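Engineer: the following block contains a protein sequence and its predicted model.
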Amino acid sequence: MDIIQEIKRLEEEIKKTPYNKATEHHIGRLKAKLARLKEELEKQRQKKSKAPAFSLRKEGDASVFLVGFPSVGKSTLLNALTNAKSEVGDYDFTTLKPVPGMLEYKGAKIQIVDVPGLIEGASKGKGRGREVLSFIRNADLIVIVVDVFTLHNIDIIKRELYEAGIRLNQKPPEVVIKKRERGGIKITSTVPLSLDESTIVEVLKENRIHNAEVIIREDLTLDRLIDAIMGNRVYIPSITVVNKIDLYQPELPEDVIPISAERGINLDRLKEEIYRKLDFIRIYLKPPGGKPDFDEPLIMRRGCTVADVCKKLHRGMLESFRYAKVWGKSVKYQGQRVGLDHVLEDEDILTIYA
């Protein structure tokens, strides 16, 4: 039995097996093996693939990717949000390569990218799906775009992204796995766990981890445990929009934004949500001995460090960095001296000494 047949067999067995406490151990082992085989298959395919990977130079303060099936209006939306000139057509696969544009909003420069259309089965390679999905992993924010006539595609797109290791609106599992040369598997948890320890051990061993110290800080599901072990997942915030509401207005969940890219309906709401989801903070730069520049703050993402600011300002600044001083909410006292790993907060004032 080859690897593809084995993957199909495991998927069928998982579907047929009811999940309960008695079957948790068995399903855990099956899912762990399935994840490992899928990763091995993907590595084999990457070696054999001759198709050139999509590439794009990231610009601005963040990159937002428009993801959806062909002919749902992604190109029209890109043109409406930015200064781009993406080709618009009423036929499938108008966009054959990533097309960028720049949205300037509240002082932030946000790169919006029209991504080539996905189709069902993209994660298995249909329609250059692997190349497209690999490219999407670079996004800072994903905007899923469907139209009023294809609402069912929302679940399909999310499933294709999930199969490609893209986790939407999730944080990475709070799990630390420290591999050791001997001593078996030692599990320490700071919260009560729903999973049996024997199941966790079996899943680790299925992924060839036989000696490790495992620290768990959340009540894991099987899937979250496997994600933590695999270590190749990306965690990206997302927004879902439904286009062409000028043609038909279906009932939609509250977290979905109805728009008309062609008529400009609700685009201001979408821009605001993009800005909010990107979780920007403003850093005011102060030259040594000078005054802070409150007119043009540096736009950064929440959780950024002094090192991230140095990289954004100039590549050579990291090499010549001596120390920095910070005034604001991130320090214990104003003008505190900090290093590269100091995490900044919104409206901090920063002076870099290089």
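Structural biologist: That came through fine.

Engineer: what does Asn243 show for phi and psi?
Structural biologist: When quoted as degrees, to the nearest 10, the phi and psi of Asn243 stand at phi -90, psi 160.

Engineer: next one, pLDDT for it please.
Structural biologist: We note a pLDDT of 97 for Asn243 in this prediction.

Engineer: how about the strands in the stretch 251-354 of the chain?
Structural biologist: Using DSSP state E, counting those that start in this stretch, the strands of the stretch 251-354 of the chain run over residues 256-258, 280-285, 298-301, 323-327, 336-338, 348-353.

Engineer: by contact count, what packs against the first one?
Structural biologist: Read that as strand 256-258. If you count contacts as 3 or more C-beta pairs under 8 Å, 6 or more residues apart in numbering; DSSP states H and E, strand 256-258 packs onto strand 238-243, helix 267-278. Bear in mind the C-beta positions are built from the backbone N, C-alpha and C, glycine included.

Engineer: now do His25 against Pro173, distance only.
Structural biologist: His25 is 20 Å from Pro173, where distance means C-beta to C-beta, to the nearest Å.

Engineer: between the two, who's got more neighbours?
Structural biologist: For His25 versus Pro173, the count of surrounding residues by other C-beta atoms under 10 Å is larger for Pro173: 22 against 17.

Engineer: where's the closest residue to the more buried one other than its chain neighbours, which helix or strand?
Structural biologist: Excluding its sequence neighbours, the residue lying closest to Pro173 (C-beta to C-beta, 6 or more residues apart in numbering) is Ala228, at 4.0 Å. Assessed by DSSP states H and E, Ala228 sits inside helix 222-230.

Engineer: tell me which helix or strand comes right after that helix.
Structural biologist: Next in sequence after helix 222-230, counting helices and strands by DSSP H and E, comes strand 234-236.

Engineer: direction included, what does that following strand pair against?
Structural biologist: Within its sheet, strand 234-236 is paired with strand 166-168 (parallel), according to DSSP bridges.

Engineer: isn't the residue nearest to Pro173 up against Leu220?
Structural biologist: Yes - here Ala228 lies in contact with Leu220, judged by C-beta atoms under 8 Å, at a distance of 7.5 Å.

Engineer: find residues that contact each of these two.
Structural biologist: Contact criterion C-beta atoms under 8 Å, 6 or more residues apart in numbering; residues bridging Ala228 and Leu220 by contacting each: Pro173, Val175.
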